[in-house]
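> here is my input, please return the structure:
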Amino acid sequence: MQLHDLAPAPGSTRDRKRKGRGHGSGLGKTAGRGYNGQKSRAGGAKTNGFEGGQTPLARRLPKLPGFRNINRVEYVPVNVGRLDVVFADGDVVDGEALVAKGVIKKADALVKVLGDGELTKKLTVKVDKVSGSAVAKIEAAGGKVEAPC
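Purely as a prediction, here's the structure:
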């Protein structure tokens, strides 16, 4: 067998449609476009989503989902159970101490102490915010919560 002997299997290929090449082809004259109307004219086919000149749905909807509050304040959460593991009895818990112990990454980060876990040590907590349940657990263990929170 030579390269020039290769051919597709009989019936596996068809000739392409030659639109607008005479009425004998079956696609002459209007070339399968029908008679009048927007789609029969050159450049008349509109893109997907075209709504007759009305602003399309894709442009009427907002660009991003949801709402982003530009005044949102982000706090780094720290649970009292973590404070109990990391700090010794009588320690002062503030931004610098939390960074020194590796609990948070930056000393100027806003910290909120939350009430998950148990606290058995007397701690003085001086962070930005403390939840109500955390205050109750800190005071029950003999510690106290001071400003700036």
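> and what about the most centrally placed residue in the chain, helix, strand or coil?
The centroid of the chain falls nearest to residue 65 when counting by CA atoms, centre = their mean (8.9 Å). Here residue 65 is recorded as coil under DSSP: H, G, I helix; E, B strand; the rest coil.
> can you give me phi and psi for it?
phi -80, psi 150 (degrees, to the nearest 10).
> quick one: distance of stretch 90-105 to the chain centre.
Offset of stretch 90-105 from its chain centre (CA atoms, centre = their mean, to the nearest Å): 32 Å.
> buried residues in it?
Across stretch 90-105, burial judged by 16 or more other CB atoms under 10 Å covers 91, 93-95, 97-98, 103-104. In short, each C-beta sits where N, CA and C put it, glycine included.
> any weak-confidence spans in the chain?
149 (pLDDT under 70).
> quick one: the helices in it?
Per DSSP state H, the chain carries helices over the ranges 57-60, 80-86, 95-100, 132-140.
> packed most tightly, which of these would that be?
Comparing the helices of the chain by mean neighbour count (mean count of other CB atoms under 10 Å), helix 80-86 comes out on top with a mean of 19.
> any idea how far the residue nearest to residue 32 when sequence neighbours are not counted lies from residue 26?
In this structure, residue 32 finds its nearest non-sequential neighbour in residue 19, 5.9 Å apart by CB to CB, 6 or more residues apart in numbering. Using CB to CB, to the nearest Å, residue 19 is found at 10 Å from residue 26.
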